[in-house]
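Engineer: Turn this into a structure:
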Amino acid sequence: MQPVDPNGPHAAAAATHAHPPVPAGYASPQPPYPAGAGHAAPAPPPAPVTPEPEDERRRVEAKRRRDRPKIGTYAYKIRTAHDVIVRGKLRAASAEQAAMIVNQPGGEILKLRRQSDVLHMEIGPRRIKGAELVIFTRQLAAFVRSGIPMIEALGSIGGENASRQLQDTLREVSLDLAEGMPLSRAISQHPTVFPNWYADLVRAGETTGKLDTVLESAARYLQRQEEAKKKVRSALIYPAVIAVMAVVTVAVLLVYVLPKFVTFFEEFDAQLPAITRALLTTSKFISDNLLWIALGFAIVVLVAIVLVRTPPGRYAWDWLKIKVPLLGIVIRYSIVERFCATLATMVSAGVPLVTTFTVVIDGARNKVFERSLTRVRESMMIGQGMSGPIAATGLFPPIVPQMVKVGEDTGTLDEQLRMAQEFFGEELDYRLQKFTAIFEPMMIIFMGVIVGFVALAIVSAMYGIFQQVKLK
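Structural biologist: Presented below is the predicted three-dimensional model:
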């Protein structure tokens, strides 16, 4: 065979049949020749690169957070450019970060010292108030809508006006963001500050590109939660005060008042009526065993608290709360109103229903409702819709599945849920007023019966003594 002249007329044809150049980093394609004489065995294909396991990623992130300098309190003393001495304290992750914060152009740092962590030790998990979380969420939504970088936004929100718990949390979140962690994952590292559903909601906003809208919806949801809690708390304060006063009144009568009459009655050696003897015997037993009674009551309360912390005990307690007369209907309507408000807010914000129901289940704060709503979510995922599974729970008034059905059929689910939320909000106010109106006279009657019983026992005994003295 004659060699092809590189400058000849057949050079172009030969070039078209040649293999194209192989880019760097790729293996050359192996010809499908069997290994044998004149042919080398084909090289084995490169091993596929497996992604980093989730557990390994979490372990690396946890180690990085452990190795990160702990946020502490630094006392500083600086001289400004105008020769003014300024003293103060700040929270920072390191002395270098504290120096960058307090340093001013033309100024001088005279003293910067980390204070003892014992003075600022946190007892229990780090938490913030619900109202502060509402304000933080609204501010973060405004910063995101304005296009301000997230780390800068968190630094502005966690300024001097924020609580120390929120400042420390936002600094740690900012450090995670600087290391490339998404906001949702950085927030999920602080479950005692942000609710479990908060990170899921932020993740949905990051996925859909509507983070500002989702945060605004979350702020409205948190605001409604705070308003509902204040409404129920304020409505129950007066009945609780009356109940406490009733118990204190009975305790004072039995422990301090009645024992004074025992000595008086013994001086006359009078034959006391049966009602008086029973009352004085009860009073003497309580007075003599007050410490043991208090200890037994404390043990019962402690055992009840321990049992409520177990899953079966918590479920039984939550079931009892929604079944107790008068107060149970108030608690049920409060949960239903919060359910409608949460679902309407999330649906209008475009949050996926799976994430929405995660928020709804977490916001129920009642194990009976949580278990039923979990079954509703499972039924929805297999295509059974929402209205039917909600009606099957038996926990919601009939109007809720009816309005959900109308919303599903007409595509106005958020509007129907908003109407249901307004209806049950008004119904909750009515139920609270009704509960207060009924509970107050019940406590007054209870106190009247107790005081009347004690007065009758004493007066009847006094009358008997006077009759005996008169006969003598």
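Engineer: Check which helices and strands the helix or strand containing Asp212 is in contact with.
Structural biologist: Of the helices and strands defined by DSSP states H and E, Asp212 is found in helix 211-252. Helices and strands in packing contact with helix 211-252 are listed as helix 130-146, helix 196-208, helix 327-348, helix 353-364, helix 413-471; criterion 3 or more Cβ pairs under 8 Å, 6 or more residues apart in numbering; DSSP states H and E. Yep, even glycine has a C-beta here, placed from its N, CA and C like the rest.
Engineer: Can I get the third one as CSV, trimmed to CA atoms?
Structural biologist: As requested, the backbone C-alpha atoms of helix 327-348 are provided in CSV (Å, rounded to 0.1, in the frame of the first residue of the first chain):
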residue,chain,number,x,y,z
LEU,A,327,-63.2,24.4,76.9
GLY,A,328,-62.8,21.6,74.3
ILE,A,329,-64.9,23.3,71.7
VAL,A,330,-62.8,26.5,72.1
ILE,A,331,-59.6,24.5,71.6
ARG,A,332,-61.0,22.7,68.5
TYR,A,333,-62.2,26.0,66.9
SER,A,334,-58.8,27.6,67.6
ILE,A,335,-57.0,24.7,65.8
VAL,A,336,-59.5,24.8,62.9
GLU,A,337,-59.2,28.6,62.5
ARG,A,338,-55.4,28.2,62.4
PHE,A,339,-55.6,25.4,59.9
CYS,A,340,-57.7,27.4,57.5
ALA,A,341,-55.5,30.5,57.9
THR,A,342,-52.2,28.6,57.4
LEU,A,343,-53.5,26.7,54.4
ALA,A,344,-54.9,29.8,52.7
THR,A,345,-51.7,31.7,53.2
MET,A,346,-49.5,29.0,51.8
VAL,A,347,-51.7,28.2,48.9
SER,A,348,-51.9,31.8,47.9
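Engineer: and the residue nearest the centre of the chain, how far is that from Lys367?
Structural biologist: The residue lying closest to the centre of the chain (Cα atoms, centre = their mean) is Pro195, at 3.9 Å. For Pro195, the distance to Lys367 equals 16 Å [Cβ to Cβ, to the nearest Å].
Engineer: can you pull the contacts of the closest residue to the residue nearest to the centre of the chain other than its chain neighbours?
Structural biologist: Distances taken as Cβ to Cβ, 6 or more residues apart in numbering put Asp362 closest to Pro195, at 6.3 Å, once the chain neighbours are dropped. Contact criterion Cβ atoms under 8 Å, 6 or more residues apart in numbering gives Pro195, Asn196, Trp197, Glu370 as the residues in contact with Asp362.
Engineer: Can I get those in a markdown table including distance to Asp409?
Structural biologist: Conversion of the contacts of Asp362 to a markdown table gives the following (distance: Cβ to Cβ, whole Å):
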| residue | distance to Asp409 |
| --- | --- |
| Pro195 | 32 |
| Asn196 | 32 |
| Trp197 | 28 |
| Glu370 | 28 |
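Engineer: Return a ChimeraX selection command for the buried portion of the residues you listed.
Structural biologist: Buried members of the contacts of Asp362, identified by 16 or more other Cβ atoms under 10 Å, are gathered into one ChimeraX selection as follows:
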select :195,197,370
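Engineer: and of the contacts of Asp362, the nearest to Gln421?
Structural biologist: Nearest to Gln421 out of the contacts of Asp362 is Trp197 (Cβ to Cβ; 18.1 Å).
Engineer: Just confirm that closest one contacts Val359, I think it does.
Structural biologist: Yes - the pair Trp197 / Val359 is scored as a contact, 4.1 Å apart, by Cβ atoms under 8 Å.
Engineer: coming back round to it: ranking the helices and strands packed on helix 211-252 by burial, who's on top?
Structural biologist: Among those, helix 327-348 has the highest mean neighbour count (mean count of other Cβ atoms under 10 Å), at a mean of 22.
Engineer: Between helix 196-208 and that one, find me the angle.
Structural biologist: Put simply, helix 327-348 runs at 20 degrees to helix 196-208, going by axes from the mean of the first three to the mean of the last three Cα atoms, to 10 degrees.
Engineer: List of residues touching helix 327-348?
Structural biologist: Residues outside helix 327-348 that contact it (Cβ under 8 Å, 6+ apart): 201, 217-218, 220-221, 224-225, 228, 232, 321-322, 353, 355-356, 359-360, 363-366, 369, 373, 395-397, 400, 413-415, 417-418, 420-421, 424-425, 427-428, 431-432, 435.
Engineer: ok, Val359 - contacts?
Structural biologist: Under the criterion of Cβ under 8 Å, 6+ apart, the neighbours of Val359 are Trp197, Asp200, Leu201, Tyr221, Thr342, Met346, Val351.
Engineer: Ser246 contacts Met443, doesn't it?
Structural biologist: Careful, residue 246 is Ala; it's not Ser. Yes - taking Cβ under 8 Å as the contact criterion, Ala246 and Met443 are neighbours in contact, 5.6 Å apart.
Engineer: Tell me how many other residues surround Tyr76.
Structural biologist: One way to gauge burial is a neighbour count; for Tyr76, by other Cβ atoms under 10 Å, it gives 20.
Engineer: what sits against it?
Structural biologist: For Tyr76, the contact set (Cβ under 8 Å, 6+ apart) comprises Arg87, Gly88, Lys89, Leu90, Ala98, Val102, Ile109, Lys111, Leu112, Arg113.
Engineer: among those residues, who's most crowded?
Structural biologist: If you count neighbours using other Cβ under 10 Å, the busiest of these is Ala98, which has 23 neighbours.
Engineer: can I assume that one is in contact with Ile78?
Structural biologist: No - when contacts are counted by Cβ under 8 Å, Ala98 is not listed as touching Ile78 (11.0 Å).
Engineer: For Gly452, give me the pLDDT.
Structural biologist: Among the per-residue scores, Gly452 holds a pLDDT of 83.
Engineer: For it, give its distance to Ile444.
Structural biologist: With distances defined as Cβ to Cβ, the gap from Gly452 to Ile444 amounts to 12 Å.
Engineer: before we move on, what about Glu337?
Structural biologist: Plainly put, Glu337 is 30 Å away from Ile444 if you go by Cβ to Cβ.
Engineer: again, but for Val248
Structural biologist: Distance, Val248 to Ile444, by Cβ to Cβ: 15 Å.
Engineer: next one: Ile109
Structural biologist: Here Ile109 is placed at a distance of 67 Å from Ile444 (Cβ to Cβ).
Engineer: Any stretches of the protein with poor pLDDT?
Structural biologist: Low-confidence segments of the chain (pLDDT under 70): 1-72, 90-94, 97, 101-102, 104, 106, 115-126, 160-161, 269-270, 468-472.
Engineer: Break it into its domains for me.
Structural biologist: Split into domains by automatic domain parsing, the chain comes to 70-114, 130-225, 226-472.
Engineer: tell me the contacts of Lys89?
Structural biologist: Thr73, Tyr74, Ala75, Tyr76, Gln115.
Engineer: Please tabulate those residues in JSON lines and include distance to Ala461 as additional columns.
Structural biologist: As requested, the contacts of Lys89 are arranged in JSON lines below (distance: Cβ to Cβ, whole Å):
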{"residue": "Thr73", "distance to Ala461": "66"}
{"residue": "Tyr74", "distance to Ala461": "72"}
{"residue": "Ala75", "distance to Ala461": "70"}
{"residue": "Tyr76", "distance to Ala461": "75"}
{"residue": "Gln115", "distance to Ala461": "67"}
